[in-house]
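J.: Take this sequence and fold it.
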Amino acid sequence: MTRRRRNTPKQQARTELAGEAQKTDGPLSPCHALTIQYQHFIPRFILRRFQVGPVKSKTERQREFRRTGVDPEYVHYYDVATGSLDIRPIGKVYGVPNVYQDVRNTRNINELEEKLAELERHAASIIMDLHKALPQGTFTLKRRSLELLRKFLFIMHYRNVSCSGTYFQADHPENAGGRQWIEAFMKAKGIQSAVEIWLHFLRYYLDTSHSDIMRDAAKLVEKYGEEGLQKMMTESHIPPGLENFPAYTYHTHANAYFFSIWEAAEGEEFIITDNAFGLWEGSGHGCTDLHRIFVVSPRIALVLRNVLLRPEMKGYINPRAFVSSLLNVNPTPPTPIYASGAHGAHINHINFQSAMSLARYRSSKKGGNDSFVFKITKLSRPQTLAFNSVVLVNVTKKGSLTFLSGGSMLRTARAFRSSPANFLAGDLLIPLIAQLTNTMETEVSTLPPPLQSPADLNVLTLISVGALCAFFVFFFWF
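T.: Just a heads-up that it's a prediction; the model follows:
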């Protein structure tokens, strides 16, 4: 439905995961149904990667909370509107009260939040393994784990609070082609608002496996074709009878992008903002989003790159037709290792022209045993700063920003403001730069005299301060 270039604001006791994911304690009784619950749109397990001080296990956090009555987890938080930089509890940032509460579910109004927590728990485990694999430079995932991670990323974008009221808003200008479908669906399901239909399909995405969503989408593709479905969305209208049309949105997210892992340069770090998880970047050849960015820690960003930018496409497409700040980063698509023993990009017995043939294989037991080897793309310092600039240029006047280390953030902010293209957006960071500069100077003034020679000190000081998409989607998934 509504597609936006800029994402504007808005018991886990079975495994410790160093406190990676949080889960509520089970179904709520009716008397607790209306309890206000702060629900994160950026998961706590990701925020803990930016935590000030050591990360504590769930047991340690609970023990400290019982002793002090204070949330023991904090992050740096820059409020753009007020220009203030402080340290805030993780439990009170990047969330909205009751945003996932489904008032139509009288049995358990917070069931969707619990389902989200379960998905986060599995994703947190995979992302923890990824951090452990950084020294090796590669990371291998079985198909089902990769599918789960892709589903997590899609839902992370879809669940953003800014989407809740507009994604299925019938009179939204960008939903003109889907208005008839939205109104018919709401009438058939007894749904009263855009938020209710958004929650309805959030439940569909959470309850339905990746494979089954892809099979639902394949049925639509087989009947109408990729070109026909794209035309429905952009030029004409979506027939009211297509109940699972949102499966096609998921299908496009999965098939039109290959998955890549980017690591920040040594000494530099990625940052997060309230609207940057799932940010779209770049355009060209009819595609309005060459990259979809998901920062999962100061070290790692998961990036979905459009298949038009795969290395094998260079001979067919003029790279000058693309506009992006990230084109000088060259991630390598994953190497598939098929259960049949075949290596490479193709399997002879699969009809790559058939969406259903692909969906059947990928959902099969044999397909589930396929593996994918990812080469982790290590960014240079300029590339890391450019990546962060993409995040910063989308910061709004009412937005917020979080980072791990002040020195890295100060370099990033200064580099961003130094570009003439960022003249206006850079003004939002002036209070942050001033406060970080004062902090850095205070820390330096309290240090003992350096052991380095004057020449060495100068060097150290300088270092520290200075529509075509549709023709290719079947061939290049993952």
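
J.: got the residue ranges for the helices in the stretch 1-150 of the chain?
T.: Listed in chain order, the helices of the stretch 1-150 of the chain (DSSP state H, counting those that start in this stretch) span 44-47, 58-68, 111-133, 143-158.

J.: mind listing what's buried in stretch 141-161?
T.: 141, 143-161 (16 or more other CB atoms under 10 Å). To be clear about C-beta, it is placed using only N, CA and C from the backbone, and glycine gets the same treatment.

J.: hey, C-alpha coordinates of it in PDB?
T.: Taking C-alpha atoms only, stretch 141-161 is exported to PDB below (Å, rounded to 0.1, in the frame of the first residue of the first chain):
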ATOM      1  CA  LEU A 141      22.800 -19.300   7.200                       C
ATOM      2  CA  LYS A 142      20.400 -22.100   6.400                       C
ATOM      3  CA  ARG A 143      17.500 -21.100   4.200                       C
ATOM      4  CA  ARG A 144      14.900 -21.200   7.100                       C
ATOM      5  CA  SER A 145      17.100 -18.900   9.200                       C
ATOM      6  CA  LEU A 146      17.600 -16.500   6.400                       C
ATOM      7  CA  GLU A 147      13.800 -16.500   5.700                       C
ATOM      8  CA  LEU A 148      13.200 -15.700   9.300                       C
ATOM      9  CA  LEU A 149      15.600 -12.800   9.300                       C
ATOM     10  CA  ARG A 150      14.100 -11.400   6.100                       C
ATOM     11  CA  LYS A 151      10.700 -11.700   7.600                       C
ATOM     12  CA  PHE A 152      11.900  -9.900  10.700                       C
ATOM     13  CA  LEU A 153      13.300  -7.000   8.600                       C
ATOM     14  CA  PHE A 154      10.100  -6.700   6.600                       C
ATOM     15  CA  ILE A 155       7.900  -6.600   9.700                       C
ATOM     16  CA  MET A 156      10.400  -4.100  11.300                       C
ATOM     17  CA  HIS A 157       9.600  -1.700   8.500                       C
ATOM     18  CA  TYR A 158       5.800  -2.500   8.400                       C
ATOM     19  CA  ARG A 159       5.400  -2.300  12.200                       C
ATOM     20  CA  ASN A 160       6.800   1.300  12.400                       C
ATOM     21  CA  VAL A 161       4.300   3.500  14.100                       C
END
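
J.: Tabulate the helices of the stretch 1-150 of the chain (JSON lines), appending distance to W262 and mean pLDDT.
T.: Below are the helices of the stretch 1-150 of the chain laid out as JSON lines (distance: least, CB to CB, whole Å; pLDDT from 0 to 100):
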{"stretch": "helix 44-47", "distance to W262": "15", "mean pLDDT": "94"}
{"stretch": "helix 58-68", "distance to W262": "29", "mean pLDDT": "81"}
{"stretch": "helix 111-133", "distance to W262": "11", "mean pLDDT": "96"}
{"stretch": "helix 143-158", "distance to W262": "14", "mean pLDDT": "94"}
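
J.: quick one, which of those is nearest to H210?
T.: Between H210 and the helices of the stretch 1-150 of the chain, the shortest separation by CB to CB is 3.9 Å, and it involves helix 143-158.

J.: just for the stretch 301-450 of the chain, where's the confidence low?
T.: Applying pLDDT under 70 to the stretch 301-450 of the chain flags residues 341-353, 443-450.

J.: And the strands in it?
T.: For the stretch 301-450 of the chain, the strands defined by DSSP state E, counting those that start in this stretch occupy 335-337, 371-375, 377-378, 400-402.

J.: contacting residues for I90?
T.: Contact partners of I90, counting by CB atoms under 8 Å, 6 or more residues apart in numbering, are 44, 47-48, 51, 71, 73-75.

J.: As CSV, those with distance to H131 would be great.
T.: What follows is the contacts of I90, written out as CSV (distance: CB to CB, whole Å):
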residue, distance to H131
R44, 16
L47, 15
R48, 12
Q51, 14
D71, 24
E73, 18
Y74, 21
V75, 18
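
J.: measure the residue lying closest to Y204 once chain neighbours are set aside to I213 for me?
T.: Nearest residue to Y204, sequence neighbours excluded (CB to CB, 6 or more residues apart in numbering): P246, at 7.0 Å. Distance, P246 to I213, by CB to CB, to the nearest Å: 9 Å.

J.: do the same with G228
T.: Taking CB to CB, one finds G228 at 20 Å from I213.

J.: quick one: which of those two has more around it?
T.: I213 (25 against 13; other CB atoms under 10 Å).

J.: Backbone dihedrals for S260, both of them.
T.: Note on S260: backbone dihedrals following degrees, to the nearest 10 are phi -140, psi 160.

J.: what sits against it?
T.: Counting by CB under 8 Å, 6+ apart, S260 has contacts 302-305, 331-333, 374, 377.
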